[in-house]
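In: from the sequence below, what's the structure:
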Amino acid sequence: MADRLRSGNGSPGRLKLGRRDAEILRLAVPALGALVAEPLFLLADSAIVGRLGTLPLAGLGIAGAVLGTAVSVFVFLAYGTTAGVARRLGAGDRRGALAQGVDGVWLALGLGVLTAVLVLLLSGPLVDLLGVSAAARPFALTYLRWSLVGLPGMLVVLAATGVLRGLQDTRTPLVVAAAGAALNVALNLLLVNGAGWGIAGSAVGTAATQLLMALALVAVVARGVRRTGARVRPHPLGVLRGARDGVPLLVRTVTLRAALLLTTFVAAAQGDAGVAAHQVANTVWTTTALALDALAIAAQALVGRALGAGDVGDVRAAVRRMVQWGVGAGVLLGAVLVPAGGAVAGFFAPDPATRACLAAALVVLGLCLPAAGWVFVLDGVLIGAGDGRYLARAGLGTLAVYAPLALGVLWLAPPGRAGLVWLWISFAGVFTLARLVTLVHRERSGAWMVTGAPGGGA
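Out: Below is the predicted model of the structure:
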């Protein structure tokens, strides 16, 4: 088949590119759908709980921030598992790939239980740290504590999704995420309104949905395990190796979260109009990031598989094409956002001062999206290569570059529109550029292209 692609009628390059493009889209499009489905959980909870009043909604916002942070720091469960499983798959060891995936799922379950217990014990101080009001505090604690039942399920979903992505299957996580989003709405309506459980009903509905999603994904993984005869019990060394290998990606994630929190902190000093505009701009940035992150997920799966197969030429060709996709997607999104910035600002911000701040920030954001697309793809490439240690060091370095700039905006820039524009130039512009420099340097060095399956037995 490969020979026919190279020597068949017509242009070989065009045929090969078409096949590669189809493979990228086959992985990226369902991944995007699954990524979009996840935020629908909190949106559904917000819409339903919002009808209970301002205080329950405020409590949900605080509890949601705690849960979101607890889950996001463990995103390495998906990323690291994707890379390891894809490498073994590329090396022709499907049984070993599934065995490594099983270790990742067990690690996720253990971390989920441990984290749930810790957050339960610290729930009061955690919500207080986020500045919850005395009136909203009981609602925040109620939602947080009931939701913790589903936290192990949330982390298992991450790991099981990573297994399936490594096996080049992004459709199953999409189906499960879409079904989960629909079930979450139904259960929330039933328990909040029908049963009259209030905000606790929303938390129980979401927790139950997450546990059912975890069971569904684990069942798919278990079916593959049975077919290959891989072990279902955790391998202690494999679990420990997964935890050890996840530490660098954990550091990388923490540096990104720290940059986002610092940006929000500085935005809060830009006055009511500035912080309101920042909230919308940050939502737009997060939304565009979903599309770019889908390409990063495709990069993780494809690069991991190609390195496992020892095909360095295929790795280079795939990286080149995926970078074109990433930059192209960023150009397209920016071309839509920059001229539409005023209209978007008018829709979200009827107040003239907020609208002016938001429109200016969106122009900066849109101009930076092509570079962001390049960054997301290369980030996925290096994650797929298992180059977490470099990503951790690069994350610390870029945060060290960004932090003084953000604080400089806080101390030197005039508050309001000018301050917000300088903040977004620093974050979307300089911070993204700093990440791009570190990633391009690493990608071109080739030091990350270590071929073969990861060590350890199946």
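In: residue contacts, the spatially closest residue to Val430 that is not a sequence neighbour?
Out: Leaving aside its chain neighbours, Val430 sits nearest to Leu405 (5.7 Å; criterion: Cβ to Cβ, 6 or more residues apart in numbering). In this view, the C-beta of every residue, glycine as well, is placed from N, C-alpha and C. Contact partners of Leu405, counting by Cβ atoms under 8 Å, 6 or more residues apart in numbering, are Ser426, Val430, Phe431.
In: now, among those residues, which is nearest to Leu109?
Out: Lowest distance from Leu109 to the contacts of Leu405 (Cβ to Cβ) belongs to Phe431, with 34.6 Å.
In: what sits closest to the closest one if chain neighbours are left out?
Out: Spatial nearest neighbour of Phe431, excluding adjacent residues (Cβ to Cβ, 6+ apart): Tyr402 at 4.3 Å.
In: is the one you found within a helix or a strand, and which one?
Out: Per DSSP states H and E, Tyr402 falls inside helix 388-412.
In: burial count for the residue nearest to Phe431?
Out: 22 (other Cβ atoms under 10 Å).
In: can you list the domain ranges for this structure.
Out: Annotated domains of the chain cover 27-234, 246-458 [automatic domain parsing].
In: out of the ones you listed, which is closest to Arg19?
Out: domain 246-458 (10.5 Å).
In: one step back: dump the residue contacts of the residue nearest to Phe431.
Out: Ala259, Leu262, Ser426, Phe427, Val430, Phe431, Ala434.
In: now, the most widely separated pair of the residues you listed?
Out: Based on Cβ to Cβ, the longest span within the contacts of Tyr402 runs between Leu262 and Ala434 and measures 13.9 Å.
In: between the contacts of Tyr402, which is closest to Thr283?
Out: Of the contacts of Tyr402, the one sitting nearest to Thr283 (Cβ to Cβ) turns out to be Phe427, at 14.2 Å.
In: now the closest one. Nearest residue, chain neighbours left out?
Out: Distances taken as Cβ to Cβ, 6+ apart place Thr263 nearest to Phe427, at 4.9 Å, with adjacent residues excluded.
In: what sits against the one you found?
Out: Residues in contact with Thr263 (Cβ under 8 Å, 6+ apart) are His278, Asn282, Ala406, Leu423, Phe427.
In: try 7 Å this time
Out: Going by Cβ atoms under 7 Å, 6 or more residues apart in numbering, Thr263 touches Ala406, Leu423, Phe427.
In: how much space separates the last one from Thr264?
Out: With the distance defined as Cβ to Cβ, to the nearest Å, Phe427 ends up 10 Å from Thr264.
In: cool, the second one as well?
Out: Computed as Cβ to Cβ, the Leu423 to Thr264 distance reads 10 Å.
In: ok, these two, which is more surrounded?
Out: Leu423 (28 against 14).
In: surely the more buried one meets Val409?
Out: Yes - counting by Cβ atoms under 7 Å, Leu423 does reach Val409; the two are 4.9 Å apart.
In: any shared contact partners between those two?
Out: Val266.
In: the closest residue to Gly242 other than its chain neighbours: what secondary structure?
Out: In space, and not counting its chain neighbours, Gly242 is closest to Leu107: 4.8 Å by Cβ to Cβ, 6+ apart. Following DSSP: H, G, I helix; E, B strand; the rest coil, the label given to Leu107 is helix.
In: residues near Leu107, how many?
Out: For Leu107, using other Cβ under 10 Å, the count is 26.
In: that one is in contact with Val239, isn't it?
Out: Yes - the pair formed by Leu107 and Val239 meets the contact definition of Cβ under 7 Å, at 5.0 Å.
In: and the helices in the stretch 351-458 of the chain?
Out: 352-384, 388-412, 417-424, 432-445 (DSSP state H, counting those that start in this stretch).
In: can you lay out those helices as TSV showing mean pLDDT?
Out: Shown next, in TSV, are the helices of the stretch 351-458 of the chain (pLDDT from 0 to 100):
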stretch	mean pLDDT
helix 352-384	91
helix 388-412	94
helix 417-424	90
helix 432-445	96
